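Colleague: next input, structure requested:
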Amino acid sequence: MPRLFTGIEIPADISLALSGYRGGLPGARWVEPENYHITLRFIGDVDERMADDVCSLLGSTRRRGPLTITIDGLDSFGGRKPRAVFARTSGSPALSELQAEQEQLMRQVGLAPETRKFTPHVTLARLKNASALDVADYIAMRGHFPKLTFTAERFVLYSSRASVGGGPYVIEAAYPLA
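Modeller: Numbering: from 1, shown residues only. Here you go, the predicted structure:
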């Protein structure tokens, strides 16, 4: 039973730049740079038939042309109980439209709606027992974050094994945006 999700790949040069933010945070499990991505839609553990339906339906995604994506800072999820540190992306209407379309497609195959608000980001670390103060200090010490911009020419369907910290991720299919 594969665990699937769709996402935008992060180019090697951007991954290298982001990997420079690894370290210096107690309780962090750092994501390997080759696993950096922007999740569009988590699909979950599905059987082979559903996986085939998802793969086929994603091929009907409306083509928009390449997406320009800018990563512009560090942030965290979880507030007083932080659970992840991430590199955030600045708002992109085209990226949000792509995600919304995928949400609709996944509902068509019978998947439950995503309940979380779409917040495009690249997870850098998952946190366990990290204090909110340590996370705030980590982000503050890295306050000068140069904007990192790239062009995404496709989105992909990833699979993963159930594991601690995610990854390794395998590209099952790619869908051009142009």
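
Colleague: where do the strands sit along the chain?
Modeller: Counting by DSSP state E, the chain has strands at residues 3-9, 28-30, 37-45, 67-77, 84-89, 121-127, 148-152, 154-160, 169-176.

Colleague: what are the pairing partners of the fourth one, and which direction each?
Modeller: With DSSP bridges as the test, strand 67-77 is paired with strand 84-89 (antiparallel), strand 148-152 (antiparallel).

Colleague: same check, this time on the shortest one
Modeller: Next to strand 28-30 in the sheet, as set by DSSP bridges, lie strand 121-127 (antiparallel).

Colleague: regarding this protein, what is its longest helix?
Modeller: helix 93-108 (DSSP state H).

Colleague: who wins for proximity to residue 135 among the strands of the chain?
Modeller: strand 67-77 (5.0 Å; Cβ to Cβ). Where C-beta positions appear, they are placed from N, C-alpha and C, glycine not excepted.

Colleague: starting at the chain centroid, how far to that closest one?
Modeller: For strand 67-77, the separation from the chain centroid amounts to 11 Å (computed by Cα atoms, centre = their mean, to the nearest Å).

Colleague: repeat that for stretch 36-55.
Modeller: Its chain's C-alpha centre lies 13 Å from the corresponding centre of stretch 36-55 when counted by Cα atoms, centre = their mean.

Colleague: contacting residues for residue 94?
Modeller: Neighbour list for residue 94: 64, 67 [criterion: Cβ atoms under 8 Å, 6 or more residues apart in numbering].

Colleague: how close does it sit to residue 81?
Modeller: From residue 94 across to residue 81, the span is 33 Å (Cβ to Cβ, to the nearest Å).

Colleague: returning to what we had before: tell me the buried residues in the longest helix of the chain?
Modeller: By 16 or more other Cβ atoms under 10 Å, the buried positions in helix 93-108 come out as 95, 98-99, 101-102, 105-106.
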